[in-house]
Structures are given as C-alpha cells and as structure tokens.
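J.: sharing a model that was predicted from the sequence below.
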Amino acid sequence: MEQSFINNVLPKLGLSHIKGMHKPPLWLSYDREGDVVHVIFEDAKKSDKSALDKNDIIVTKRGRKVVNMTILNASRFIH
C-alpha cells in the first residue's frame, strides 16, 4: 500500500514533492476498514491546528509546516 500511495496518490494530491524529501514521513499506514491513510511527519502537539479540506483530507499544521495528514476515502485515489 505504501508504494502505491507514493506512486499514485501523492501526485494526484499535488504532494509529489514528498517523494524527494530528505526526511520522509516517519509513519505511513492504511486502515482498510476505515479506508483512511495516515501520513505522520512529526508527532502532533496540542497547539497544532487541524482542518478538513475540500478533498476530504485532514491536514495538521504547526504554523505553515504540515506535521501530519489523514486522507479519508483513500481508495478513490487508487485505480
């Protein structure tokens, strides 16, 4: 699932730059039952802000830095 996510989903989300990161995500998982992908770059803190965007992606930021993402209905991106 992880390689498929990297090759197929990230470019569709406009996040293909993650493939070239020097410090890749610490944790990437797929919950089949919930059809959710979790991408963790850093542990979130209480002061971080989360928001649901128009693509059903919950993005948690610390200032302008993305610390984690939760992609809802993830299978829609994989063909």
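T.: Everything's here; your move.

J.: for V66, helix, strand, or coil?
T.: Under DSSP: H, G, I helix; E, B strand; the rest coil, the three-state class of V66 is strand.

J.: now it. Nearest residue, chain neighbours left out?
T.: In this structure, V66 finds its nearest non-sequential neighbour in V59, 5.9 Å apart by CB to CB, 6 or more residues apart in numbering. C-beta here means a position set from N, CA and C on the backbone, and glycine is covered the same way.

J.: wasn't the one you found part of a helix?
T.: No. Per three-state DSSP, V59 lies outside any helix segment and is strand.

J.: distance-wise, check it relative to R32.
T.: In this structure, V59 and R32 are 22 Å apart, going by CB to CB, to the nearest Å.

J.: those two: which is more packed in?
T.: Between V59 and R32, counted using other CB atoms under 10 Å, the more crowded position is V59 (17 against 9).

J.: quick check: that one touching D53?
T.: Yes. Using CB atoms under 8 Å, V59 is in contact with D53, at 6.3 Å.

J.: what ranges do the strands span in the protein?
T.: Along the chain, counting by DSSP state E, strands occupy 27-31, 36-40, 49-52, 57-62, 65-72.

J.: got these as CSV, with mean pLDDT columns?
T.: Output for the strands of the chain, formatted as CSV (pLDDT from 0 to 100):
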stretch, mean pLDDT
strand 27-31, 83
strand 36-40, 88
strand 49-52, 94
strand 57-62, 90
strand 65-72, 88
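
J.: skipping its backbone neighbours, what lies nearest L26 in space?
T.: Excluding its sequence neighbours, the residue lying closest to L26 (CB to CB, 6+ apart) is I40, at 5.2 Å.

J.: ok, V67 next?
T.: Closest to V67 by CB to CB, 6+ apart is E42, at 4.5 Å.

J.: what about D35, neighbour count?
T.: Residues within reach of D35, counting by other CB under 10 Å, total 13.

J.: and it, what's its pLDDT?
T.: Looking at D35, its pLDDT reads 91.

J.: for it, give me its contacts.
T.: By CB atoms under 8 Å, 6 or more residues apart in numbering, the residues touching D35 are 72-75.
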